[in-house]
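Visitor: got a predicted model here, sequence first, then my questions.
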Amino acid sequence: MIAALTAAQLVFSDGATQSFTAEGRTTYVDRGTPSAGEWSVTGDGTFASFWPPTYRATYTIRWIVEEGVPVGVSFTDARSGVRYDGRYR
């Protein structure tokens, strides 16, 4: 999972980007405005994110694979079931 998240910056369909570090830091940039958070592995295929001061979320992640090549990561929110697809830049 760490390799999937830290492989490259992710770009979402709305143009927002997100970067993850192996040390558990993440930066999400929406319309030029960055926000910093933290993430940690919570189980096989799941991770938790924390965005200060209080927002917490848990996601299941899966590779997005095209023609046998990983091109990004799919995030599914454990609470809402909403899926977000991030493609490697």
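Guide: Structure's in. What do you need?

Visitor: buried residues in stretch 18-25, which are they?
Guide: Residues of stretch 18-25 classed as buried by neighbour count (16 or more other Cβ atoms under 10 Å): Gln18, Ser19, Phe20. (C-beta placed from N, C-alpha, C; glycine too.)

Visitor: which one of these sits closest to Ser80?
Guide: Of all the buried residues of stretch 18-25, Ser80 sits closest to Gln18, with 17.8 Å by Cβ to Cβ.

Visitor: tell me the contacts of that closest one?
Guide: By Cβ atoms under 8 Å, 6 or more residues apart in numbering, Gln18 lies in contact with Gln9, Leu10, Phe12, Thr26, Thr27, Tyr28, Val29, Gly86.

Visitor: same question for Ile64.
Guide: Counting by Cβ under 8 Å, 6+ apart, Ile64 has contacts Pro70, Val71, Gly72, Val73, Ser74, Asp85, Arg87.

Visitor: just the closest of these to Arg62, please.
Guide: Scanning the contacts of Ile64 for proximity to Arg62, where the rule is Cβ to Cβ, the winner is Ser74, at 4.7 Å.

Visitor: mind telling me what element that closest one is part of?
Guide: strand 69-77 (DSSP states H and E).

Visitor: chain center to that strand, what's the gap?
Guide: 8 Å (Cα atoms, centre = their mean, to the nearest Å).

Visitor: and if you look at stretch 19-36?
Guide: Put simply, stretch 19-36 sits 9 Å off its chain's centre (Cα atoms, centre = their mean).

Visitor: and the pLDDT at the residue nearest to Arg89 when sequence neighbours are not counted?
Guide: Of all residues not flanking Arg89 in the chain, Gln9 sits nearest, at 4.5 Å (Cβ to Cβ, 6 or more residues apart in numbering). At Gln9, the pLDDT value in this model is 98.
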